[in-house]
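**Student:** Please find the sequence and the predicted model below.
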Amino acid sequence: MSKAKTPKPASALPPAPDHLGAGAKEVWARTVALLARMTKFTTGENVLTTADLDKLELYCVAFSRWQEAERHVTADGQVIKLPSGYHGPNPFVAIANTAARQARQLGEDFGLSPGSRARMGICFNEGSVE
């Protein structure tokens with residue numbers, strides 16, 4: 001009977017994919033460094049594996065999209081003057097809400113919330129700060 005192969009932990013901090021925008025690359029660098037310090041209580045294995053990099057990419061794009069949309073909402077407000085002359089909702093509010101929901105859902109798979117860390121049995125390596 002053969003053992004099922006499990007994804008290998010990322011041996012070094014993987015660089016951000018070239019096609020990501022500057023904001024997503026910043027989120028990538030910060031998140032990869034954080035995930036590198038997280039391990040599972042039960043096995044001591046790293047949280048981040050090579051099999052997770054595509055999903056991490058989606059998280060970084062969603063998080064940076066939320067940041068960008070929030071900048072627009074902060075600058076212009078939740079209600080804006082429409083081309084028709086009437087006032088209406090700023091479309092960046094909907095973009096921010098959607099991106100925030102996506103980032104939250106994706107982030108939970110990596111233990112990026114207190115509740116998901118508890119459910120997954122994740123802790124930070126010694127010497128790190130949560």
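**Tutor:** Here it is on my side, so go on.

**Student:** mind listing the helices for the protein?
**Tutor:** 22-36, 53-76, 91-109, 114-120 (DSSP state H).

**Student:** what comes up buried for the first one?
**Tutor:** Judged by neighbour count (16 or more other C-beta atoms under 10 Å), helix 22-36 contains these buried residues: 23, 24, 25, 26, 27, 28, 31, 32, 34, 35, 36. For the C-beta atoms, the positions are set from N, CA and C on the backbone; glycine is no exception.

**Student:** what's the answer for the second one, then?
**Tutor:** By neighbour count with 16+ other C-beta under 10 Å, helix 53-76 contains the buried residues 53, 56-57, 59-70, 72-73.

**Student:** still on that earlier bit, of all the helices of the chain, which lies closest to residue 83?
**Tutor:** Smallest distance to residue 83 across these (C-beta to C-beta): 12.1 Å, for helix 91-109.

**Student:** can you list the residues that contact that closest one?
**Tutor:** If you take C-beta atoms under 8 Å, 6 or more residues apart in numbering as the criterion, helix 91-109 is touched by 55, 58-59, 62-63, 65-66, 69-70, 72-73, 76, 78, 113, 115-116.

**Student:** if we can go back for a sec, in a markdown table, list the buried residues of helix 22-36 along with distance to residue 45 and pLDDT.
**Tutor:** Below are the buried residues of helix 22-36 laid out as a markdown table (distance: C-beta to C-beta, whole Å; pLDDT from 0 to 100):
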| residue | distance to residue 45 | pLDDT |
| --- | --- | --- |
| 23 | 30 | 97 |
| 24 | 26 | 98 |
| 25 | 26 | 98 |
| 26 | 27 | 97 |
| 27 | 24 | 98 |
| 28 | 21 | 97 |
| 31 | 18 | 95 |
| 32 | 16 | 94 |
| 34 | 16 | 91 |
| 35 | 12 | 90 |
| 36 | 12 | 88 |
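
**Student:** Out of those residues, the closest to residue 85 would be?
**Tutor:** For those, the closest approach to residue 85 (C-beta to C-beta) belongs to residue 23, at 32.9 Å.

**Student:** The closest one: what's it in contact with?
**Tutor:** 64, 67, 68 are the contacts of residue 23 under C-beta under 8 Å, 6+ apart.

**Student:** In space, what's closest to the last one - neighbours in sequence excluded?
**Tutor:** Using C-beta to C-beta, 6 or more residues apart in numbering and skipping residues adjacent in sequence, the residue nearest residue 68 is residue 23, 6.2 Å away.
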